[in-house]
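K.L.:
structure, please.
(chains A, B, C and D, ligands or ions: 12)
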Amino acid sequence: MSEAAAPRPPIESGCPEGFQYMHPAMRRNYGNWAYHEDPQPGVLLHVSKDGQKIWTVKAATQRILDVFTIRKLCAIADDYADGYLRFTLRSNLEFIVTDEAKVQPLIKAITDAGFIVGGTRNSVTTLSHTQGWLHCDIPGTDASGVVKSMMDELIGEFTSWNMPNRVHITTSCCQINCGGQGDIAINVQHTKPPKINHDLVANVCERPSVVARCPVAAIRPALVNGKPSLEVDERKCICCGACFPPCPPMQINDAEHSKLAIWVGGNHSNARGKPTFQKLVAAGIPNNPPRWPEATAIVKRILKTYKEDAKDWERINEWIERIGWPRFFELTGLPFTKFHIDNWRGARASLNSSAHIRF
Amino acid sequence: MSEAAAPRPPIESGCPEGFQYMHPAMRRNYGNWAYHEDPQPGVLLHVSKDGQKIWTVKAATQRILDVFTIRKLCAIADDYADGYLRFTLRSNLEFIVTDEAKVQPLIKAITDAGFIVGGTRNSVTTLSHTQGWLHCDIPGTDASGVVKSMMDELIGEFTSWNMPNRVHITTSCCQINCGGQGDIAINVQHTKPPKINHDLVANVCERPSVVARCPVAAIRPALVNGKPSLEVDERKCICCGACFPPCPPMQINDAEHSKLAIWVGGNHSNARGKPTFQKLVAAGIPNNPPRWPEATAIVKRILKTYKEDAKDWERINEWIERIGWPRFFELTGLPFTKFHIDNWRGARASLNSSAHIRF
Amino acid sequence: MAEHFDTPMLDELENGPWPSFISGFKRLRDEHPEERIRSVANSLLGQLEHSYETRKGYWKGGTVSVFGYGAGIIPRFSEVDDAFQASKEFHTLRVQPPPGNYYTTDMLRQLADSWEKYGSGLITFHGQTGNIMFIGADTENTQTFFDEINDYGWDLGGAGPDVRTGMSCVGAARCEQSCIDEQKIHRTLQNNFTDDVHRPALPYKFKFKISGCPNDCQNSIERSDFSVIGTWRDDMKVDQEAFKGYLQTKGRQYLIDNVITRCPTNALAITDDDTLAVDNRNCVRCMHCLNVMPKALSPGDDRGATICIGGKRTLKIGDLMGTVIVPFKKLETEEDFESLVEMAEEVIDFWAENGLEHERCGEMIERIGLVNFLEGIGVDVDPNMVNNPRQSSYVRMDEWDAEAEKWFERKAEEAAG
Amino acid sequence: MAEHFDTPMLDELENGPWPSFISGFKRLRDEHPEERIRSVANSLLGQLEHSYETRKGYWKGGTVSVFGYGAGIIPRFSEVDDAFQASKEFHTLRVQPPPGNYYTTDMLRQLADSWEKYGSGLITFHGQTGNIMFIGADTENTQTFFDEINDYGWDLGGAGPDVRTGMSCVGAARCEQSCIDEQKIHRTLQNNFTDDVHRPALPYKFKFKISGCPNDCQNSIERSDFSVIGTWRDDMKVDQEAFKGYLQTKGRQYLIDNVITRCPTNALAITDDDTLAVDNRNCVRCMHCLNVMPKALSPGDDRGATICIGGKRTLKIGDLMGTVIVPFKKLETEEDFESLVEMAEEVIDFWAENGLEHERCGEMIERIGLVNFLEGIGVDVDPNMVNNPRQSSYVRMDEWDAEAEKWFERKAEEAAG
Ligand code: SRM
Ligand code: SRM
Ligand code: SRM
Ligand code: SRM
Ligand code: SF4
Ligand code: SF4
Ligand code: SF4
Ligand code: SF4
Ligand code: SF4
Ligand code: SF4
Ligand code: SF4
Ligand code: SF4
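P.N.:
Residues are numbered from 1 along each chain as shown, chains lettered A, B, ... in the order given. Ligands and ions are numbered 1, 2, ... in the order given. Purely as a prediction, here's the structure:
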């Protein structure tokens, strides 16, 4: 901040009003939509109760946009979409047009500019991004890189409607999981307790809060070489990494031992069943930049099996629920291990307390 | 034991062989049954793969049988059922006949002798009995008395097929619940912490085991009037009565405050859904001998609603699952209170974490 | 004998059509030829009336057993023996019935005769754990009565921290759904542990229950530590003619609403030519369709049992259902039965060593985790043991590769046969 | 500017058809007119390549904020700034977008222009919590950039232990399923807590997310502490003609297999005259049938919201879904909105007072029990809050009668209107 200038008090305007930026056809028909149709992958048609039609063309971006890209997208929106844009929560772009004739030219313009149209309905939409090595202070992997590498291989599923239902994939670059749960989630899983940099603890750590942060009470204050430091009970430690953000000397990230794990069946929608948590299916996957081929291969194997075996409208969790987990492991060829048996609080509810068995 | 006699070593024969006591038609067709039919309430017809037919006539007893009753039943079995008898796990009697012509005379003989034929298929079968005031050292109520009083009023449901599916009711005379779970369970529920008879503790209690027995660690060893005794943290105590069997001075039973509670939806069968635990619906019910009219009234109300509203083959838990718990409370007129919201381990799984709501 | 105690409250339990236990007591009091039994019954009625009036129980425990055994008797001493002298010792003998509770009238009469000599004249058929309960003997007569019936083939069941009396359903003796030999399983398991029944030395009680099929008429999954449930592995048998019979008598709509849509995994369909199509790979052997149409549907031929461990009621961590430890076990050859017994021994031994005092097997599993239990008894993990894999990422998985390898090796071995 | 860092690994992320963020970085490095931006991009690429090669991150936190605020910036200082000088301070400003993420191209350009003056030239649309992330400014420029965009209507979002930026779905702006005014709910709630967004003083983070219907396109139930989900209370609307249209185009079998049998409560039937019968009392508003046949089915007219509290991800007790606290809340009149805000204040106040440090609202509820939380915020219990009543008898219920009375009184009041 420039030393001379008098500090400027902020205007606490908070969350801005949305209507000022909304396409006029949306504003006019706010709360007045009748139904929608899906003319082709990447295109939605919404019809209002008064007969107003709008077409949405959905396109993937790299989420983190350089100003050139922003201006390029703005130019497209000006040319074909009345100068309005919106982003979905998966960082996809939506261009709105009220004139059907503009739909195909818009798609062409988007595609020509290097963006991908798709991601609607029963496709694999864009993976959720998080910060990763690019910005976060605790990442075990990169997120933008994982998304880019995986979507390069899943692009055919983004631009088509081959999936039984929507597929929402998430990534997270540490075990904290800012990316959230998904039909498939690719998450970091540490496999060794943190190495403690004892020299740093005394300077940078509020020791009581680190101790309190550990979910399994594995951390104790300790004197090391006469200086206050910390000690980890390695038999208790579940390698979650929760101690790392408040105390960077708890070095949990490890080029070798921070692995990836894949979880499936997270579903937040209420459609049909109640929302469900995701479950572990694969772990020990190498964290292998720049293209993470091992993780992608497993994701593709799961998607292929899902595509072939699930019924229309079955999300991944519902499909597995119907065919049973033993069959899931059989069909995907993934190993079932003792680690698949939950042992966290409430784990009992995950045990099969019945004679319901498929043979 | 007579002082003079040399002690006789036991013959550790264990569980006796069953075929020696089994009706010959059952023995011959062991493992060879093809199907069954239900000719009328209280009567089963089983047909073997070789065409052998046996009729089972099922009759309720008072479970605890005096020798006169035993001889009376034996006489009936000799006259009509080839001298064989079996008991179900609900203390009902089964007479087996191979000659259809004997079925109606047998029913008449049983009925004339004061027993009740019924309890098959979609009826309300005999409530499970436990020991109660008659024999147990920790009972909060009587069980035989509850069973007798309730079955007097439910007899019409025992002798008919008016229920949507089988109804298995259980009783338990203390909170330990030897009677187990049921479609409906009538259980003791203490509502005040034990009063401690300090004079007795020192003599009769192994204090460490009582302390260890408390599920919520509410008991501490303490010195009372200079003598070793126990102390209960009344804010923690959940009034379960678990401390009473190992330490009778922990007087949990109370003429006023030991109440009855009614639970529904326990289902151990794997038919359709997986086995389910029962859930609390009513509590604070007076423990009112000799006929417990308040408890019976609630049971009848639940059964009536179930009978009117459930579909064929729906057990009580399945019916409520379909119509939703809010409707269950509405239809039965029972109050919903904060006590219905579980707070024991794993209780989170019982919360509605969804937007699934019936209006 | 003394005056009859007034029993105004109990008298009300003689009203109504249901058989009255009070009338039975009174018959003993009023009609029995033996004075001893008449006064025991009178005294018992008196104490019970007192309980009804004060809403309290008046029995206390103690220590009574027969020579050579440490269990099988539930001792009861009256706390109000001043008033009710004749029944002041009122112990119960828990006697093991045959699997499935079969009796000849001869045997029943013989048992009644013996009991009349030494006991109260009251017998309970049966207790909730399945014992015949000879209820009401004094200390001396528990031994004499036991000696007499033990001579003609009856033995005590469990009580205290020991293996308890088992239970099994009528099953193969009369039920078309039965997939296993309940008689044999019951006796093989139970009698292998006779010593553990009679000499309490375990952390707590341990119960076997056997149900011939997943209808689980013995409530085994919630009421026993070791639950054996019959099932089958191949396709169910469908008699299409019999199915058409149901279609005709019950009607299509009824079968759709009551069978097809009730299958938990939607594994059933009625095809256009009115045959029943069963997706056997997705059938979870719930029994529902077989229950509704027993003439048309039956279990397959490749039969065996699912074994669930750890069921029990509330104390002290809340009710537990047993959970699948063995998804499928053949029970045909002698080796099959030997390995079943071995498995039960592994379970009981591991629990005996690792269970805390008064801790049931299921509670121990809850405390140490299923995986540690499996390792303790030498059973491999299997996805049938879970409703779903883990939801929590809080686990250390550095041995993942080795564990994955184990799975692939097992699968390769299975494939090789 | 310095030599370009070699980026052999990152270069591989320029292959393939998906838009490449690396290409964007390189455009800034190679084509941007300003030397500052070119070298920042170069330096950033260098550090990122270093991360890819060593599989480690090299940023650390710190303390940076704009004047008057305590939150909204994620400060980042490079741990390898010797090698990568130009991007050694690389803070992110989290800026709140309008509900639903709408922009005019004019506004986007204006934001890009401002950012180009002070920042890296990289903007993320959007972070997982919904912020526009202006990623890459040094300490001084966070202030200058903020001052500039704050003047034309943009404000910072949350970070640290405070109310975070909210999210809401496209909803009423374009979606036929929307049952609520997401724009208004979002801004009313969020802007009531502006002070709590900017000045972190809560136990931990607190997030609002709003979805117009139970499809929950914002994942609100698992990713927010305060989840508002639109729903309706009267009968759904059925356009039987449109339904017949689906019957014709999709076919009966398809609709039976994909709609009728998929309803979680079997609340749908196709009657003999080809109309769709809806058992509205048993419909749980799951949305499935409306999703499959949007032309034929729509939410009813009596609309409002279900409010679920306590969702969040794993730390430190495992993932939590929000649970129903308000089954149905009308959101039409100003009073409705006021009481919504009051409720949010109650929740936040109670949690602020009772939550431990770094304890999310849902974790607190788990710790103290739902009932205590309800009492704390003054909300009555309701059976819609549970999947099922309690299974455990371990509870002290001596106030049963008083609690039952409360229920009957409430019901009587409701009946009286
Ligand atoms: C930037 C962002 C990821 C992204 O690239 O999109 C992010 C980044 C961070 N998250 Fe997050 N979280 C982000 C959305 C989320 C979400 C998703 C959501 O909000 O819907 C979650 C899961 C939902 C939830 O709230 O539980 C999430 C759960 C966490 C947690 C675990 C919270 C928990 O209670 O389990 C932490 C750890 C903590 O706060 O101690 C965390 C902590 C962090 C920190 C602050 C790490 C730290 O302690 O230093 C990261 C800063 C990275 C950076 O350099 O910017 N982040 N974080 C997201 C915020 C952008 C934005 O403001 O729009
Ligand atoms: C005799 C008995 C077994 C025994 O070894 O003693 C028995 C015998 C039969 N049961 Fe059972 N069940 C017996 C207790 C049970 C129990 C346990 C209980 O009563 O506590 C259960 C599980 C209870 C629970 O879930 O809480 C039980 C769950 C079933 C079911 C599953 C019902 C369902 O839909 O959930 C069937 C299937 C059926 O109804 O078709 C069944 C079916 C049958 C059939 C029809 C089997 C057959 O094909 O022969 C038998 C005729 C019974 C009848 O009287 O209608 N039996 N049955 C038990 C009679 C008890 C009584 O006196 O009433
Ligand atoms: C007699 C009987 C009730 C009846 O009238 O039928 C009974 C009676 C007693 N049970 Fe039980 N239980 C009886 C079947 C059960 C069952 C049902 C079953 O076995 O299927 C259960 C539930 C299943 C289970 O095992 O969990 C049962 C769960 C208990 C418990 C709680 C165990 C637990 O872990 O939760 C206790 C308490 C204890 O053992 O500390 C218990 C304790 C007792 C004691 C020994 C009470 C005591 O500590 O003094 C009772 C002796 C009463 C008496 O005077 O005879 N009884 N008890 C049943 C045994 C008769 C028999 O041997 O056939
Ligand atoms: C644009 C967006 C909302 C927004 O405000 O940004 C959105 C918009 C729509 N969603 Fe969504 N959903 C959006 C994210 C989600 C999410 C969250 C997520 O992606 O992480 C979910 C819940 C995810 C979960 O469960 O984990 C979600 C669950 C649904 C469902 C329920 C699907 C199901 O059967 O489980 C529907 C209903 C349907 O498919 O007909 C739905 C339906 C729709 C409809 C068809 C609603 C309508 O009638 O207009 C919209 C068209 C979307 C399309 O592209 O096909 N939307 N939808 C989000 C687009 C994300 C993207 O870029 O791909
Ligand atoms: S998931 Fe972890 S590494 Fe990635 S942005 Fe979130 S906190 Fe940072
Ligand atoms: S990694 Fe997790 S479990 Fe291990 S010490 Fe750190 S906080 Fe505790
Ligand atoms: S339920 Fe309680 S009182 Fe009744 S027999 Fe069992 S232990 Fe005794
Ligand atoms: S009644 Fe239960 S909770 Fe209370 S002190 Fe006794 S054992 Fe503990
Ligand atoms: S459990 Fe199965 S086999 Fe045994 S009696 Fe019941 S229905 Fe028949
Ligand atoms: S046994 Fe059960 S799961 Fe199997 S087909 Fe029949 S109803 Fe379906
Ligand atoms: S949550 Fe519902 S209202 Fe909002 S966009 Fe999704 S489908 Fe439409
Ligand atoms: S919205 Fe869901 S619950 Fe309601 S009728 Fe449609 S499918 Fe059934």
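
K.L.:
so where's chain A uncertain?
P.N.:
Filtered on pLDDT under 70, chain A yields the residue ranges A:1-5.

K.L.:
which bits of it sit near chain B?
P.N.:
A:Asn270, A:Lys274, A:Pro275, A:Arg345, A:Gly346, A:Arg348, A:Ala349, A:Ser353, A:Ser354, A:Ala355, A:His356 (Cβ under 8 Å from any Cβ of the partner chain). Bear in mind the C-beta positions are built from the backbone N, C-alpha and C, glycine included.

K.L.:
give me that answer again for 10 Å
P.N.:
A:268-270, A:272-277, A:345-350, A:352-357 (Cβ under 10 Å from any Cβ of the partner chain).

K.L.:
with adjacent residues omitted, what lies nearest to A:Gln189?
P.N.:
Nearest non-adjacent residue to A:Gln189, counting by Cβ to Cβ, 6 or more residues apart in numbering or on different chains: A:Ala261, 3.9 Å away.

K.L.:
the residue in the stretch 301-417 of chain C that ligand 1 sits nearest to: what secondary structure?
P.N.:
Across the stretch 301-417 of chain C, the shortest distance to ligand 1 (Cβ to the nearest ligand atom) belongs to C:Ser393, at 10.9 Å. Three-state assignment for C:Ser393 (DSSP: H, G, I helix; E, B strand; the rest coil): coil.

K.L.:
can you read off the pLDDT for it?
P.N.:
Looking at C:Ser393, its pLDDT reads 96.

K.L.:
got it, and C:Arg367?
P.N.:
95.

K.L.:
interface residues of chain C facing ligand 3?
P.N.:
C:61, C:74, C:76, C:92, C:94, C:126-131, C:133, C:157, C:165, C:205, C:207, C:223, C:312-315, C:360 (Cβ under 6 Å from any ligand atom).

K.L.:
what helices and strands are in contact with the helix ranked longest in chain A?
P.N.:
Scanning chain A for the helix with the most residues, using DSSP state H, yields helix A:293-309. Under the contact definition 3 or more Cβ pairs under 10 Å, 6 or more residues apart in numbering or on different chains; DSSP states H and E, helix A:293-309 sits against helix A:144-158, strand A:169-172, strand A:184-190, strand A:258-264, strand A:279-285, helix A:316-323, helix A:325-332.

K.L.:
quick one on the thing from earlier: and for the residue of the stretch 301-417 of chain C closest to ligand 1, the neighbour number?
P.N.:
The burial count assigned to C:Ser393 is 29, neighbours taken as other Cβ atoms under 10 Å in any protein chain shown.

K.L.:
isn't it up against A:Asn187?
P.N.:
Yes. Look at C:Ser393 against A:Asn187 with Cβ atoms under 10 Å: they come within range, at 6.9 Å.

K.L.:
any shared contact partners between those two?
P.N.:
Shared contacts of C:Ser393 and A:Asn187 (Cβ atoms under 10 Å, 6 or more residues apart in numbering or on different chains): A:Ser172, A:Gln175, A:Ile176, A:Asn177, A:Ala261, A:Trp263, A:Gln278, A:Leu280, A:Ala283, D:Thr314.

K.L.:
from those, which is closest to C:Phe328?
P.N.:
A:Leu280 (24.8 Å; Cβ to Cβ).

K.L.:
correct me if wrong: the closest one contacts C:Val395.
P.N.:
Yes. The pair A:Leu280 / C:Val395 is scored as a contact, 8.3 Å apart, by Cβ under 10 Å.

K.L.:
tell me which of those two has more neighbours.
P.N.:
A:Leu280 (26 against 21).

K.L.:
and the more buried one, how far from A:Lys300?
P.N.:
18 Å (Cβ to Cβ, to the nearest Å).

K.L.:
mind listing what the nearest residue to A:Asn270 once chain neighbours are set aside touches?
P.N.:
Closest residue in space to A:Asn270, ignoring its immediate chain neighbours: D:Pro214 at 3.7 Å, by Cβ to Cβ, 6+ apart. Residues near D:Pro214 by Cβ under 10 Å, 6+ apart: A:269-271, A:274-275, B:354-357, D:177, D:179, D:221, D:229-231, D:284-288, D:290, D:299, D:306.

K.L.:
show me how far the longest helix of chain A is from its chain's centre.
P.N.:
17 Å (Cα atoms, centre = their mean, to the nearest Å).

K.L.:
give the contact list for the closest residue to A:Gly42 other than its chain neighbours.
P.N.:
Of all residues not flanking A:Gly42 in the chain, A:Val117 sits nearest, at 3.8 Å (Cβ to Cβ, 6+ apart). Going by Cβ under 10 Å, 6+ apart, A:Val117 touches A:40-43, A:57-60, A:92-93, A:95, A:106-108, A:110-111, A:158-159.

K.L.:
and A:Val117, its phi and psi?
P.N.:
Backbone torsions for A:Val117, taken as degrees, to the nearest 10, come to phi -90, psi 130.

K.L.:
the least confident helix or strand in chain C by mean pLDDT near ligand 10 anywhere?
P.N.:
None of the helices or strands of chain C scores lower by mean pLDDT, DSSP states H and E than helix C:252-258, at a mean of 92. No. Helix C:252-258 stays clear of ligand 10 (Cβ under 6 Å from any ligand atom), getting no nearer than 10.5 Å.

K.L.:
say whether chain D is contacted by that helix.
P.N.:
Yes. Under the criterion of Cβ under 10 Å from any Cβ, helix C:252-258 makes contact with chain D via C:Asp257.

K.L.:
which SS state does A:Ser229 fall under?
P.N.:
Applying three-state DSSP: A:Ser229 is strand.

K.L.:
that one: what's it in contact with?
P.N.:
A:196-202, A:205, A:207, A:221-223, A:249.

K.L.:
one more pass at 7 Å, please.
P.N.:
Residues near A:Ser229 by Cβ atoms under 7 Å, 6 or more residues apart in numbering or on different chains: A:Ile196, A:His198, A:Val201, A:Ala202, A:Ala222, A:Leu223.

K.L.:
what about it, distance to A:Cys247?
P.N.:
If you go by Cβ to Cβ, the gap between A:Ser229 and A:Cys247 works out to 10 Å.

K.L.:
still on that earlier bit, the residues of chain C next to ligand 3: which ones sit near chain D?
P.N.:
Contacts with chain D are made by C:Thr314 out of those, judged by Cβ under 7 Å from any Cβ of the partner chain.

K.L.:
out of the residues of chain C next to ligand 3, list just those in strands.
P.N.:
C:Ile74, C:Thr92, C:Arg94, C:Met133 (DSSP state E).

K.L.:
okay but the residue of the stretch 301-417 of chain C closest to ligand 1 is in contact with D:Thr314, surely?
P.N.:
Yes. Between C:Ser393 and D:Thr314 there is a contact at 6.0 Å, judged by Cβ atoms under 7 Å.

K.L.:
what's the domain layout of the chain?
P.N.:
By default, I'm working from chain A. A:32-117, A:132-191+A:255-341, A:195-238+A:245-250 (automatic domain parsing).

K.L.:
chain C, not that one
P.N.:
Split by automatic domain parsing, chain C gives C:1-159, C:167-228+C:306-387, C:237-298.

K.L.:
could I get those domains as JSON lines with distance to A:Lys53?
P.N.:
Listed next are the domains of chain C as JSON lines, based on distance: least, Cβ to Cβ, whole Å:
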{"stretch": "domain C:1-159", "distance to A:Lys53": "69"}
{"stretch": "domain C:167-228+C:306-387", "distance to A:Lys53": "46"}
{"stretch": "domain C:237-298", "distance to A:Lys53": "38"}
